[in-house]
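I'd like to go over a predicted model; first the sequence, then the structure.
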Amino acid sequence: MAEKTYVGAIDQGTTSTRFMIFDHDGAEVARHQLEHEQILPKAGWVEHDAEEIWQRTQEVLKGALDKAGLGADDLAAIGITNQRETTVVWDKRTGKPYCHAIVWQDTRTDKIAKALTDAGHDELIKHRAGLPPAAYFSGGKLKWILENVDGVREDAEAGHAIFGNTDAWLIWNLTGGTDGGLHVTDVTNASRTMLMDLETLDWDDELLALFDVPRSMLPEIRSSSEVYGETVADGPLGGAVPVAGDLGDQHAALFGQACFEPGLCKNTYGTGNFLVLNTGTEIVRSENGLLTTLGYKLGDQPAVYALEGSIAVTGSAIQWLRDQLGVIKAAAESETLAASVDDNGGVYFVPAFSGLFAPYWRPDARGAVVGLSRYNTIAHIARAALEAVCYQSKDVVDAMVADAGLELEALRVDGGITANELCMQIQADVLGVSVSKPVVAETTALGAAYAAGLAVGFWSGTDELVANWAEDKRWEPQTDDAAREAGYAGWRKAIERTLDWVEV
């Protein structure tokens, strides 16, 4: 077999880790995937065992290679994509984490975020980092560990305790761990900490002081596509393979969708939804409740920025119908049930189970089903749940258009809910633009593979990646403007009913 025929990608996600192997056309060759434990010690706390994640990573690397009958010599490079904001702190002398990783979903740092806002620091953080003070991001989680886990502050001051999102943890272990492992991250992951300056692409001393974080803990910030180092020969790959790509998951999906031009936007439909819009090499500071973040950076080329809208509950609203209400036995049944009625019958479902994320940022909101009459059935509620996925996405798209001054021509979609054709048709109708799904749906892992392959010359440039992108399905709008506007007006009225429900 010819050498260096493939590129691999580690996709370290919230519930599982997988390794995928792709060929030069961007087609999947093999994959292996394993779940890890979700640790829930208290209400609002969500943790992972970072050592378990590293163990699973080693297992999936070997598993995918074995399935494909390949070895390390067949891989030109590997890339990494990861759950963002999930915070790991470990002792570089022993390789042991000081505590469980604090997951991005964890809300224990609400009070830290609120204190920063109450002290008037929110505008500084938004301007420098592009993010509002929120429990979502890594900086508050790191501060909490420094203040609450015995020995970490002292070891950090002595230069022993180091921090990273799960990408940095894996790169460190892959490249040697306690024996010379590289402590690096990329600009996309660094941009999710509240500690990096968007303009300098470096850790910001004023932000570090606000969070009381020693600079010595932090990884070196590198581009998203360059050779960081090589895997160790006695590691899980069994050979020296360049580790050459690193992107947070939503940035990797943007890259895998070949959204390389300003104005191109992707929407990933999962437990929640994540919309990311390429805004080019200029920073667009949101005035409409979005996050200003890094899209990606290729080697020494200028950084590409993005606007992001994060929606907390979309796919999990369908799970709620299945698991809590028991009205469907499988998520796929939501399409059949919703399709049994012509419209929502006046019913709107706002799944603000833990507040509203972008563009509202209202932690006081809670879920509501409104507009019910004796006429309505569970089918109307199921349809309203699908519509909620789409209306929340429209909220974010409208904010992006207002911020960036760029008209959306089409929305590129990926993720599990894209298998629901009714939902995708509703999305096209609600937005009034085409919705397009690619042939290769695993855009997150593909994006990490692309970044790594570009760094080692496996692909010559982004033009090749654009040529690889192929459409599998397209949905065109089928409603008129009057119906679209009336439906959205009802949604906005429903949103108002969810606000000021709890004290925060």
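Cool, the structure landed. Residues are numbered from 1 along each chain as shown.

alpha carbons only for contacts and neighbour counts from here, please
Fine.

mind listing the helices for the stretch 251-400 of the chain?
When secondary structure is read from DSSP state H, counting those that start in this stretch, the stretch 251-400 of the chain shows helices at 315-323, 333-339, 378-404.

Helix 378-404 and the helix or strand just after the last one, what's the angle between them?
When you say that, I think you mean helix 378-404. Remark: after helix 378-404, the chain's next helix or strand is strand 410-415, criterion DSSP states H and E. For strand 410-415 against helix 378-404, the angle by axes from the mean of the first three to the mean of the last three Cα atoms, to 10 degrees is 130 degrees.

Now do the buried residues in the following helix or strand past strand 410-415.
Sequence order places helix 421-431 as the next helix or strand after strand 410-415, per DSSP H and E. The neighbour-count check on helix 421-431 (16 or more other Cα atoms under 10 Å) flags Leu422, Cys423, Met424, Gln425, Ile426, Gln427, Ala428, Asp429, Val430, Leu431 as buried.

Not counting helix 421-431 itself, show me its contacts.
Residues from elsewhere that reach helix 421-431, judged by Cα atoms under 8 Å, 6 or more residues apart in numbering: 335, 339, 386-387, 389-391, 394, 417-418, 434-435, 475-479, 484, 488.

How much space separates the closest residue to His36 other than its chain neighbours from Glu85?
Of all residues not flanking His36 in the chain, Ser16 sits nearest, at 5.6 Å (Cα to Cα, 6 or more residues apart in numbering). Look at Ser16 and Glu85: by Cα to Cα, to the nearest Å, they are 16 Å apart.

any idea how far Val369 is from Ala384?
Taking Cα to Cα, one finds Ala384 at 9 Å from Val369.

Between those two, which is the more surrounded one?
Higher neighbour count among Ala384 and Val369: Ala384, with 25 against 16, using other Cα atoms under 10 Å.

mind checking pLDDT for that one?
Looking at Ala384, its pLDDT is 96.

neighbours of the residue nearest to His36, just the number please.
17.

got a list of what Asp122 touches?
Asp122 neighbours (Cα under 8 Å, 6+ apart): Leu116, Pro132, Pro133.

same thing but at 6 Å, please
By Cα atoms under 6 Å, 6 or more residues apart in numbering, no residues touch Asp122.

what's across from Leu294 in the sheet?
Tyr305 (DSSP bridges).

mind checking how far it is from Arg362?
24 Å.

which of these two has more neighbours?
Using other Cα under 10 Å as the criterion, Leu294 and Arg362 rank with Leu294 on top: 31 against 17.

Surely the more buried one touches Thr188?
Yes. If you go by Cα atoms under 6 Å, Leu294 and Thr188 touch, sitting 5.2 Å apart.

so where do the helices sit in the stretch 1-150 of the chain?
50-68, 110-118, 122-129, 138-148.

Between these, which shows the greatest average number of neighbours?
Per residue and on average, the most neighbours among these fall to helix 138-148, with a mean of 22 (mean count of other Cα atoms under 10 Å).

shared neighbours of Ala384 and Val369, anything?
Contacts common to Ala384 and Val369, judged by Cα under 6 Å, 6+ apart, are Tyr348, Phe349.

Nearest to Thr314 among the buried residues of helix 421-431?
Ranking the buried residues of helix 421-431 by separation from Thr314, with Cα to Cα as the measure, puts Cys423 on top at 11.2 Å.

returning to that earlier point: mind giving me the ChimeraX select for the contacts of helix 421-431, buried ones only?
The ChimeraX command for the buried members of the contacts of helix 421-431 (criterion: 16+ other Cα under 10 Å) is given here:
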select :335,339,386,387,389,390,391,394,417,418,434,435,475,476,477,484,488
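
ok but Glu209 is inside a helix, no?
Just to correct that, residue 209 is Ala rather than Glu. Yes. Counting by DSSP: H, G, I helix; E, B strand; the rest coil, Ala209 is found in a helix.

Just give me the neighbour total for it.
12.

With the one 4 residues further on instead?
As a burial measure, the neighbour count of Val213 was computed by other Cα under 10 Å and equals 21.

pLDDT score for it?
97.

Let me know the secondary structure of it.
Val213 is classified as coil under three-state DSSP.

doesn't Asp179 make contact with Trp172?
No. Trp172 is beyond contact range of Asp179, at 9.6 Å (criterion: Cα under 6 Å).

Please identify which of those two sits among more neighbours.
Trp172 (25 against 14).

May I have the helix or strand where the more buried one lies as CSV, with CA atoms only?
Using DSSP H and E, Trp172 sits in helix 166-174. The C-alpha trace of helix 166-174 is given here as CSV (Å, rounded to 0.1, in the frame of the first residue of the first chain):
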residue,chain,number,x,y,z
THR,A,166,-9.3,18.7,26.1
ASP,A,167,-7.4,19.5,22.9
ALA,A,168,-4.3,20.6,24.9
TRP,A,169,-4.6,17.6,27.2
LEU,A,170,-4.6,15.2,24.3
ILE,A,171,-1.8,16.9,22.4
TRP,A,172,0.4,16.9,25.6
ASN,A,173,-0.2,13.2,26.0
LEU,A,174,0.2,12.3,22.4
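
For burial, what's the neighbour tally of the closest residue to Val440 other than its chain neighbours?
Once flanking residues are discounted, Val440 sits nearest to Ala27: 7.1 Å by Cα to Cα, 6+ apart. Look at Ala27: counted by other Cα under 10 Å, it has 15 neighbours.

mind pulling up the phi and psi values for Ala27?
phi -90, psi 140 (degrees, to the nearest 10).

Which pLDDT value belongs to it?
92.

try Ala2
You'll see Ala2 listed with a pLDDT of 46.

show me what contacts the residue nearest to His36?
Contacts of Ser16 (Cα under 6 Å, 6+ apart): Leu34, Glu35, His36.
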